[in-house]
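Enquirer: below is the structure, and that's it, no one-letter string:
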């Protein structure tokens, strides 16, 4: 009886990760409730979905990267893009080996500012991201900044008056030709502050990490292994989306497994991160992930490397 009690206590402890304890976890607690709704996968054959799944409507950055895009917003920074293409970093994880040597932004008055990297670094990215990370009313710019000798990092920039500076950065991965891809920026913790979700080495370890900007630093608040949101040689960085899967009013993250042959849904329940669902797929995800509301039912649209398009939806009961 003593051993049984110890086992029960151990299982309960392993499932009941707190938000901070999960920061050291390598696997997410899963939803083992037998009454959890079941997701099914069906091919879409009526031609109603474009081949790209989610068309990229962002403008091409003029005098920027060949595939670089302009990110627009309504805050204190209204446009951001990468410029000064360079081949000084030969990683070519995004396909062409051309990365950016500078970051440009435009404020609401139409004034343009530039942050130029040293020759030892590049922006290994397609388009910057805009968000008010600290909810102080000013816009931050979130980028993927890589060192030629130490790999990628997440770097945050801010425009304060006429000063455009880097204000926070995660450590570089620690080795050349090691990359990360930012998945989404949203209120994943349910505290009304944006968190940055990124996959560290999405082709190798596939570590999902959540970062929160506080006290001028990017603090890692959670992580787990077994995820991806990119495949080598692709310039499509949008293999993820956000939706409220468990209907608790807090955004959840939807993205592929490390092998990209499963769709994973990660969210919070009772202030704990957990895996909400895992859906097996007939092939690997290789395009942007779409989400839609179909008469009140949440559905995800996937393009797989078998050349077909599928919908992932809840089974009818």
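Expert: Done, it's in. Treat the numbers as computed from the prediction; the structure is a model and nothing was measured.

Enquirer: could you use CA atoms for every contact and neighbour count after this?
Expert: Will do.

Enquirer: so for the strand or helix carrying residue 144, what's the average pLDDT?
Expert: Using DSSP states H and E, the element containing residue 144 is strand 140-147. Average pLDDT, strand 140-147: 98.

Enquirer: tell me how far the helix or strand containing residue 218 lies from the chain's centre.
Expert: Following DSSP H and E, one finds residue 218 within strand 217-225. With Cα atoms, centre = their mean, to the nearest Å as the basis, strand 217-225 stands 13 Å off its chain's centre.

Enquirer: and if you look at stretch 166-181?
Expert: Distance of stretch 166-181 from its chain centroid, counting by Cα atoms, centre = their mean, is 15 Å.

Enquirer: can you pull the buried residues of that stretch?
Expert: Buried residues in stretch 166-181, counting neighbours by 16 or more other Cα atoms under 10 Å, are found at 168, 169, 170, 172, 173, 176, 177, 178, 179, 180, 181.

Enquirer: quick one: which of these is nearest to residue 282?
Expert: Closest approach between the buried residues of stretch 166-181 and residue 282, by Cα to Cα: residue 181, at 24.4 Å.

Enquirer: you'd agree that closest one is up against residue 202?
Expert: Yes - Residue 181 is within contact range of residue 202, at 7.2 Å (criterion: Cα atoms under 8 Å).

Enquirer: need the residues touching each of these two.
Expert: The contact sets of residue 181 and residue 202 overlap at 229, 230 (Cα atoms under 8 Å, 6 or more residues apart in numbering).

Enquirer: point out where the stretch 1-150 of the chain drops to low pLDDT.
Expert: For the stretch 1-150 of the chain, residues meeting the criterion pLDDT under 70 lie at 1-36.

Enquirer: again, only this time at 80
Expert: 1-37 (pLDDT under 80).

Enquirer: now the strands: where do they sit in it?
Expert: Under the criterion DSSP state E, counting those that start in this stretch, the stretch 1-150 of the chain contains strands at 39-43, 71-72, 77-86, 99-107, 112-116, 121-123, 129-131, 140-147.

Enquirer: packing partners of the fifth one?
Expert: Yep, that's strand 112-116 we're talking about. Applying 3 or more Cα pairs under 8 Å, 6 or more residues apart in numbering; DSSP states H and E, one finds that strand 112-116 contacts strand 99-107, strand 163-169.
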